[in-house]
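Trainee: fold the following and give me the result.
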Amino acid sequence: MSVTLKTVAQKCGLPLSQVATVLTQAARIDGDTRQKVLDAARDCGYPLDGLGKLTHNLGVLFVEENNSGLTHPFFAAMINSFKTEAEAHGYDITFINHNIGTEPATYLDHCRYRSVDGVFIARMDFNSREVMELLTSDIPCVTADHCVPGQPSVNSDNRAGIRMLVDYAVSLGHKRIAFIHGQCNSRVTDDRVTEFRAAMRDHGLYLPDHFLVEARYGDLDLVRRIVREMVQQPERPSCILLPDDTSYLGAQEAIRESELRIPADISVAGYDGIALTQSLRPHLTTIRQNSEEMGRVAALRLIEKIERPSAAVNDAVSIPVTLLKGETVGWCNNW
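Mentor: Okay, the predicted model is just below:
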């Protein structure tokens, strides 16, 4: 039977996570504890000749708030691209979770246990204690759509995307433009809402309170309810910007239930540029985020930080977005 970290932990009577930390040399442990673990490892026959070497294993930390997981088309494409680029450089990937075997563990514990060389944090609550513990550890990290001082990040240009949508709607005569945005707990939402307000102000457009409403990314039912209420207002918008493309399915249903037509009676735009909504008729007007490029660049920045730490640049990379004009934002002549 092979000797595992759990074997060593049982031998020396210490927590699995602490044993993992010592045996991967990922952090400094006091001398007595370190010696106790090393003695137990030698007694058990645990191999120690590889300590301190690269494992060529990258961690991926991804928790999608709406529990769509890897079925979410935007994040699935980004992580798949990250995986492809990592494998091209000889790395494997491991998804980080809250368990070491059947024992509960922090994200940092699990990273130690899996001996990852670095971690790609693709979707998380960056204010959580566990995530901050990982980001401030000695394990190299790269984040997506969130900037952390001293860490490289890869960000979609959300400000430019929202500005493009507002400018395009205005160019077609729209003045009453509403924005149903995602939950207010991320840099993505902050950037989009800030830029939306600025774009409306720059165009001299009035923004009533009910034209700026919080929803949740990917929550079709909530968006459907919000759109239904919005289009039944005496002062309804002529164009509605949605938090993402999948929300269009809910918005489309609400508009049809209200006996309105897209875009003849009301215009709608999404955000992401996923293939599913581009196959619908009429084609959805949206912003295409380059999720594949985000994943590729994230892998390159993380590998650079692991292999050439003194040359690595710990700053933010902004990935350009593209306006897909589609057919759901039409001319507005009566507002």
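Trainee: which strands and helices lie in contact with the lowest-mean-pLDDT helix or strand in the chain?
Mentor: Confidence across the helices and strands of the chain bottoms out at strand 99-100, with a mean of 72, counting by mean pLDDT, DSSP states H and E. The contact analysis (3 or more CB pairs under 8 Å, 6 or more residues apart in numbering; DSSP states H and E) places strand 99-100 against helix 16-23, helix 107-114. Every residue, glycine included, has its C-beta placed from N, CA and C.
Trainee: next SSE downstream of the first one?
Mentor: Scanning the chain past helix 16-23 towards its C-terminal end, the next helix or strand to appear is helix 31-44 (assignment: DSSP states H and E).
Trainee: repeat for the last one
Mentor: Using DSSP H and E, the helix or strand that follows helix 107-114 towards the C-terminus is strand 118-123.
Trainee: I'd like the next helix or strand past that following strand.
Mentor: Immediately after strand 118-123, counting by DSSP H and E, sits helix 129-135.
Trainee: can you name the residues in contact with that next one?
Mentor: Outside helix 129-135, the residues that touch it by CB atoms under 8 Å, 6 or more residues apart in numbering are 61, 106-108, 111, 119, 121, 124-126, 141, 143, 148, 151.
Trainee: mind checking how far the closest residue to residue 276 other than its chain neighbours is from residue 135?
Mentor: Distances taken as CB to CB, 6 or more residues apart in numbering place residue 73 nearest to residue 276, at 6.7 Å, with adjacent residues excluded. When distance is defined by CB to CB, to the nearest Å, residue 73 is 27 Å away from residue 135.
Trainee: show me the shaky parts of the stretch 51-200 of the chain.
Mentor: 51-52, 64-71 (pLDDT under 70).
Trainee: show me what stretch 220-238 is in contact with.
Mentor: Contacts for stretch 220-238 (CB under 8 Å, 6+ apart): 174-178, 180, 208, 210-211, 213, 215-216, 240, 242-243, 246-247, 249-251, 253-255, 257-258, 260, 266-267, 332, 335.
Trainee: neighbours around residue 125, how many?
Mentor: As a burial measure, residue 125 scores 14 neighbours (other CB atoms under 10 Å).
Trainee: many thanks, we can stop here.
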